[in-house]
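Student: here are the coordinates; sequence isn't available:
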């Protein structure tokens, strides 16, 4: 593979996808409303649980302030996750336009990885930043708090970038599986929903039962949101950042290798649909 | 020879619902798989600089063979060498030397100006900036699309888009161009413009072209040589005049309808 040219092509694809994403400003604004709405509901719920539970509820050392910050960051990072396969890729799989992409001197996996990540980033970054902005502006009690420590914040930023790669790698694995056109959308939605639940964006992973904690730490989807957010709120010390980010990296590589293998295998037999 | 195909075969699996009263129900549990032969041993050679028409009824295997030659599909058996390479084995290097235009599909990004799509293609094919500028200027001038470069693709008419597709397919100076129904749905003026452009490109740069179409005027205007394919077999390979001698021996006078309509459009200042 020609790395230099692949890099340049990737940058170019990123730029055009961002430009495409910016066309949908109305959708970004309405998206912010949804995120903020959910954020506030979750804040209210957690406040109720923390304040009125008998003999303190089993929160695994996650304080209410930390949980509130977790909620806002969770809403922002949630946008890295896919709710479905990238629309452009899905169209290509369904109607055979994958042929056009195969006529490009690029590795198809790399091509699609960049395309779908860029499309995701193009549409979601405004929404993420705006959600965090609203979280910061809310009255104390419901507001996103400051990071635990500068070191923790730095680790958070690194872990967030890794989270984006991990989410994209997983989305590509799901896309590769979706190349089995006759399977339909069912398996895709199951896979994406499971990953979303296990990422902690619905319920912080610390608040799950004790017996599950080891599993929850080692499973791949905590790297989507839980690991970076815990580094921010300080329930993971900066000292545990390295193993955490290492875990994200390991799962990213596993997803990338698996996605490539499945995609390459499907490519040999792929039936390019339509005349 | 630039393109060599030897005994290329390809069959597809087709799923058929069982017949009968409970066919729908039974089909949910067991499927009848049928092998359908799309190509039953095709062989031909095309020399560099040739302009070949490739015709045949729907489902004859035209698209399948074009897909094999562009490296998208792997045949079941047979040999194919294009510029010395086996397309599906060295796909990436192969496709950097060919251009493909599918009349029914677009290779441009839908929501952004045409120019942005060309920029991405420049980086994908690794075209040097100087070469890119001169080539783009040349192509946009001959196809008359300079004024469209800042327009989003979704706002182009079909004729305008098709011309931009051609620019996109030829930016990296491919040696071979595969055209799959490039004139489908185009009006007479656009058709004529497209044809004369293709002819010129072939003459000036010696680009080999293989043209699939159902519009016989395309073939008549462009191709000396035609290949006819049916049921996955090559049925005729030779000059267009040869077909005429065999199937339409008596000479008939025919109005060139495309030219007539084009003249009318320009007379009424519609274009």
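Tutor: Structure's in. What do you need? If you're wondering where the values come from, they're calculated on a predicted model, not measured in any experiment.
Student: what's the closest non-adjacent residue to residue 8?
Tutor: If you meant another chain, say so; for now it's chain A. residue B:123 (4.8 Å; Cβ to Cβ, 6 or more residues apart in numbering or on different chains). Heads up, the C-betas are built off the backbone N, CA and C, glycines and all.
Student: Chain B, not that one
Tutor: Distances taken as Cβ to Cβ, 6+ apart place residue B:78 nearest to residue B:8, at 3.6 Å, with adjacent residues excluded.
Student: so is the one you found in a helix, a strand, or just coil?
Tutor: strand (DSSP: H, G, I helix; E, B strand; the rest coil).
Student: doesn't residue B:41 make contact with it?
Tutor: Yes: proximity of residue B:78 to residue B:41 meets the contact threshold set by Cβ atoms under 8 Å, at 7.1 Å.
Student: Quickly list what's touching both of those two.
Tutor: B:7, B:8, B:9 (Cβ atoms under 8 Å, 6 or more residues apart in numbering or on different chains).
Student: I'd assumed residue B:43 was in contact with the last one.
Tutor: Same thing as residue B:9. No: judged on Cβ under 8 Å, residue B:9 makes no contact with residue B:43 at a distance of 10.6 Å.
Student: anything in stretch B:129-139 near chain A?
Tutor: No: taking Cβ under 8 Å from any Cβ of the partner chain as the criterion, stretch B:129-139 and chain A are apart, separated by no less than 11.3 Å.
Student: Now do that stretch: everything it contacts.
Tutor: Counting by Cβ under 8 Å, 6+ apart, B:118, B:122, B:127, B:145, B:166, B:167, B:170, B:171, B:173 sit against stretch B:129-139.
Student: Chain A contacts on chain B?
Tutor: By Cβ under 8 Å from any Cβ, the residues of chain B that approach chain A are B:12-13, B:15, B:58-59, B:63, B:67, B:70-74, B:91-93, B:95-96, B:98, B:100, B:102, B:104-107, B:109, B:111-112, B:116-117, B:119-120, B:122-126.
Student: Which of the residues you listed fall within helices?
Tutor: Under the assignment DSSP state H, the residues of chain B next to chain A contribute B:63, B:67, B:91-93, B:95, B:116-117, B:119-120, B:122-125 to helices.
Student: Separate out the buried members of those residues.
Tutor: B:63, B:67, B:91, B:95, B:116, B:117, B:119, B:120, B:122, B:123, B:124, B:125 (16 or more other Cβ atoms under 10 Å in any protein chain shown).
Student: Closest one of those residues to chain A?
Tutor: Nearest to chain A among these: residue B:123, at 3.7 Å, using Cβ to the nearest Cβ.
Student: Pretty sure residue A:9 is one of the things the closest one touches, is it not?
Tutor: Yes: with contact defined as Cβ under 8 Å, residue B:123 and residue A:9 form a contacting pair (4.8 Å).
Student: returning to that earlier point: now the contacts of stretch B:129-139 as JSON lines including pLDDT?
Tutor: What follows is the contacts of stretch B:129-139, written out as JSON lines (pLDDT from 0 to 100):
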{"residue": "B:118", "pLDDT": "93"}
{"residue": "B:122", "pLDDT": "92"}
{"residue": "B:127", "pLDDT": "91"}
{"residue": "B:145", "pLDDT": "90"}
{"residue": "B:166", "pLDDT": "91"}
{"residue": "B:167", "pLDDT": "93"}
{"residue": "B:170", "pLDDT": "92"}
{"residue": "B:171", "pLDDT": "93"}
{"residue": "B:173", "pLDDT": "92"}
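Student: which of these are buried?
Tutor: B:118, B:122, B:127, B:145, B:166, B:167, B:170, B:171.
Student: what about stretch B:16-24, start to end distance?
Tutor: Stretch B:16-24 has an end-to-end distance of 10 Å (Cα to Cα, to the nearest Å).
Student: Quick one: mean pLDDT over that stretch.
Tutor: In this model, stretch B:16-24 has an average pLDDT of 73.
Student: Could you list the low-pLDDT ranges of chain B?
Tutor: Counting by pLDDT under 70, chain B contains low-confidence ranges at B:27, B:271.
Student: for the biggest helix by length in it, packing partners?
Tutor: Longest helix in chain B by number of residues (criterion: DSSP H): helix B:188-205. With contacts defined as 3 or more Cβ pairs under 8 Å, 6 or more residues apart in numbering or on different chains; DSSP states H and E, helix B:188-205 has these neighbours: strand B:51-55, helix B:129-143, helix B:158-170, strand B:208-212, helix B:216-222, helix B:257-267.
Student: For whatever helix or strand residue A:42 lives in, list every residue counted as buried.
Tutor: Assigned by DSSP states H and E, residue A:42 belongs to helix A:25-52. By neighbour count with 16+ other Cβ under 10 Å, helix A:25-52 contains the buried residues A:28, A:31, A:32, A:35, A:36, A:38, A:39, A:40, A:42, A:43, A:46, A:50.
Student: Report the distance from that helix to the chain centre.
Tutor: Distance of helix A:25-52 from the chain centroid (Cα atoms, centre = their mean, to the nearest Å) equals 18 Å.
Student: Stretch B:171-190 too?
Tutor: The mean C-alpha position of stretch B:171-190 is separated from the chain mean by 6 Å, Cα atoms, centre = their mean.
Student: Name the residue closest to the centre of chain B, please.
Tutor: Central residue of chain B (Cα atoms, centre = their mean): residue B:179, 1.5 Å from the mean position.
Student: tell me the SS of it?
Tutor: Classified using three-state DSSP, residue B:179 is strand.
Student: what residues are up against residue A:183?
Tutor: So residue A:183 contacts residue A:177 (Cβ under 8 Å, 6+ apart).
Student: Ignore what I typed, I meant residue B:208.
Tutor: By Cβ under 8 Å, 6+ apart, the neighbours of residue B:208 are B:2, B:3, B:46, B:47, B:48, B:49, B:50, B:51, B:175, B:176, B:177, B:202.
Student: from those, which is closest to residue B:189?
Tutor: Taking Cβ to Cβ as the measure, residue B:189 sits nearest to residue B:202 out of the contacts of residue B:208, at 20.8 Å.
Student: Wait, that closest one touches residue B:51, no?
Tutor: Yes: taking contacts as Cβ under 8 Å, residue B:202 lies within contact range of residue B:51: 5.2 Å.
Student: List the residues that are in contact with both of the two.
Tutor: Counting by Cβ under 8 Å, 6+ apart, the residues touching both residue B:202 and residue B:51 are B:208, B:209.
Student: So for the two, which sits in the more crowded spot?
Tutor: A direct count of neighbours by other Cβ atoms under 10 Å in any protein chain shown for residue B:202 and residue B:51 places residue B:51 higher, at 21 against 17.
Student: now the more buried one: how far from chain A?
Tutor: The gap separating residue B:51 from chain A is 20 Å, by Cβ to the nearest Cβ, to the nearest Å.
Student: residue contacts, that residue?
Tutor: Counted by Cβ under 8 Å, 6+ apart, residue B:51 has contacts B:198, B:199, B:202, B:208, B:209, B:211, B:222, B:223, B:224, B:225.
Student: Also residue B:70?
Tutor: Applying Cβ under 8 Å, 6+ apart, the residues near residue B:70 are A:99, A:102, A:103, B:87, B:94, B:95, B:98, B:100, B:178.
Student: 6 Å - rerun?
Tutor: A:103, B:100, B:178 (Cβ atoms under 6 Å, 6 or more residues apart in numbering or on different chains).
Student: how much space between it and residue A:144?
Tutor: With distances taken as Cβ to Cβ, to the nearest Å, residue B:70 is found 52 Å from residue A:144.
Student: ok so, going back, would you turn the contacts of stretch B:129-139 into CSV with distance to residue A:138?
Tutor: CSV is the format used below for the contacts of stretch B:129-139 (distance: Cβ to Cβ, whole Å):
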residue, distance to residue A:138
B:118, 46
B:122, 46
B:127, 51
B:145, 51
B:166, 55
B:167, 51
B:170, 56
B:171, 51
B:173, 58
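Student: Name the nearest of these relative to chain A.
Tutor: residue B:122 (7.6 Å).
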